[in-house]
Structures are given as structure tokens and as C-alpha cells.
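> pasting the structure only:
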């Protein structure tokens, strides 16, 4: 039986970066690469990334 599910995943990513470097662009690329690498572990699951974008609406108390 073929099944599908939509997941809402919220990630908090921290790391060191140069002050003038676009941290959002860099981390979005890294997350895409991590998800692609995971496809080798679960080849029977097909993933479609519809959107990855920076969430600028978070509040200080939501930090992990």
C-alpha cells in the first residue's frame, strides 16, 4: 500500500560563521545536503522538499 505524510519540522541550527556571510543561505544548503544524504539510508522513501526558508518570526523565549 502506497502512503504519504506531510511533516512540519522546525529546526534550530547554531554554528560559527563569518560576520558578513549569509548564515541562512549556508545552513539551508547544509540541511538540503543532509536530507539528500539520508535518502541512501531509506531508499524506499521519496522526499520532496517544497520549501526551506528562514523563520524570522521566532521570539527569544522560543530558543532551545
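Received, thanks. Given the structure is predicted, the values throughout are model-derived calculations rather than measurements. Numbering: from 1, shown residues only.

> residues touching the spatially most central residue of the chain, list them.
The centroid of the chain falls nearest to residue 31 when counting by Cα atoms, centre = their mean (4.3 Å). By Cβ atoms under 8 Å, 6 or more residues apart in numbering, the residues touching residue 31 are 11, 13, 52. Heads up, the C-betas are built off the backbone N, CA and C, glycines and all.

> Can you add pLDDT and secondary structure and give these back as TSV?
As requested, those are arranged in TSV below (pLDDT from 0 to 100; DSSP: H, G, I helix; E, B strand; the rest coil):
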residue	pLDDT	secondary structure
11	88	coil
13	91	coil
52	90	coil
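
> among these, who's most crowded?
residue 52 (14 neighbours; other Cβ atoms under 10 Å).

> Might you report the residue contacts of that one?
28, 31-32.

> same question, residue 2
So residue 2 contacts nothing (Cβ under 8 Å, 6+ apart).

> rewinding a little: just name the closest of the contacts of residue 52 to residue 56, please.
Of all these, residue 56 sits closest to residue 28, with 13.3 Å by Cβ to Cβ.

> Let me see the backbone angles for the closest one.
Backbone dihedrals for residue 28, given as degrees, to the nearest 10, come out at phi -60, psi -40.

> is it true that it touches residue 54?
Yes - assessed by Cβ atoms under 8 Å, residue 28 is found in contact with residue 54 at 7.5 Å.

> that older thread, could I get the contacts of residue 31 as a markdown table with distance to residue 22?
A markdown table is the format used below for the contacts of residue 31 (distance: Cβ to Cβ, whole Å):
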| residue | distance to residue 22 |
| --- | --- |
| 11 | 17 |
| 13 | 14 |
| 52 | 14 |
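
> Have a look at residue 28 and residue 54 and say which one is more surrounded.
residue 28 (15 against 12).

> From residue 43, how far off is that one?
From residue 28 across to residue 43, the span is 24 Å (Cβ to Cβ, to the nearest Å).

> What's the local residue count around the closest residue to residue 55 other than its chain neighbours?
Leaving out its chain neighbours, the residue that sits closest to residue 55 by Cβ to Cβ, 6 or more residues apart in numbering is residue 10, at 7.4 Å. Other residues lying near residue 10 total 7 when counted by other Cβ under 10 Å.
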